Structure formats: structure tokens, C-alpha cells
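Student: For reference, the sequence and a predicted model appear below.
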Amino acid sequence: MYQLLINATNKHELEKLLILYIIGVVDGLESELVTIDEAEKLLFSPYTIDLVDSKGISKEIIDIIHLGTELEDVQSLIPDKLSESLKEIKDKSIKILAKQSVYKIENKIICNTK
């Protein structure tokens, strides 16, 4: 098994990283390079919601991740709304990222797990 450790110095760094991660996963979905099943394993799951909630992550970000957990339902029930749902997630994420721009990432985030 390969492991990397994500290590944020503070909550704002972690929130910024999560938003960037959300945008990347959504880009992958929009480009059809990532499946919804993969996106759920990467990020959009109840487990992730519980984990980030336990770290004190903002409700706005948790709500965005929750929207991602609904993508499978959107795809199966109203597939013509999938791109609209992805756009909503991305737009909300970019709006939060703009607010987060005042917080700078101070240290390396990805570390070896030695």
C-alpha cells in the first residue's frame, strides 16, 4: 500500500486544500475522466463528511461535499441535470476559494509517512 500524509498547519489551510480537491474532482467528472463511483471513493461520501466535520471544517464546505454525495442519484434519476449539479458544486467551491485567498499555505502539505 502506498501512503501519503496530508498535514495542514491550521483549519484554513485544510479548508483551502479541501476546496482545491473538490474542484479537481469535479473537473475530472466534467471531463468524464473520473467516474462518480471514483469521486465517492475519493471525496464525496458520508465518511468524508463525518471526518471533516470532526476537524471543525466549515458547514459551507461540508454542504458542498454533501452535494457531491447526491451525484449518483442525480445521474440515475435526472441525468440531464448532472452537468448543472457539477456546475453548482464548482461555483460554490470557487466562491469559497475566493474567500480563502487571504489565507496562505505556509508549509508543505503532502508529507511522507515514514
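Tutor: That came through fine. Residues are numbered from 1 along each chain as shown.
Student: what's the closest non-adjacent residue to the spatially most central residue of the chain?
Tutor: Centroid-nearest residue in the chain: Ile22, 2.8 Å away (criterion: C-alpha atoms, centre = their mean). Once flanking residues are discounted, Ile22 sits nearest to Ser93: 4.9 Å by C-beta to C-beta, 6 or more residues apart in numbering. Every C-beta, even on glycine, is put in place using the N, C-alpha and C of the backbone.
Student: Would you mind measuring from that neighbour to Glu40?
Tutor: Distance of Ser93 to Glu40, given as C-beta to C-beta, to the nearest Å: 17 Å.
Student: out of the two, which sits in the more crowded spot?
Tutor: More crowded of Ser93 and Glu40, by other C-beta atoms under 10 Å: Ser93, with 25 against 18.
Student: pLDDT (mean, whole number) over stretch 100-112?
Tutor: Mean pLDDT, stretch 100-112: 73.
Student: what do you get for stretch 30-44?
Tutor: The model assigns stretch 30-44 a mean pLDDT of 98.
Student: For it, which residues meet the burial criterion?
Tutor: 34, 36, 39-40, 42-44 (16 or more other C-beta atoms under 10 Å).
Student: Narrow those to those in helices?
Tutor: If you go by DSSP state H, those have 36, 39-40, 42 in helices.
Student: about what we covered before: list just the nearest of the buried residues of stretch 30-44 to Leu17.
Tutor: Leu43 (11.5 Å; C-beta to C-beta).
Student: Relative to Lys11, how far out is the closest one?
Tutor: According to C-beta to C-beta, Leu43 and Lys11 sit 18 Å apart.
Student: And for stretch 68-78, what's in contact with it?
Tutor: Contacts to stretch 68-78, defined as C-beta atoms under 8 Å, 6 or more residues apart in numbering, come from residues 22, 25-26, 29, 36-37, 39-40, 43-46, 49, 81-82, 85-86, 89.
Student: returning to that earlier point: could you say which helix or strand holds the residue nearest to Ile22?
Tutor: If you go by DSSP states H and E, Ser93 is part of helix 82-100.
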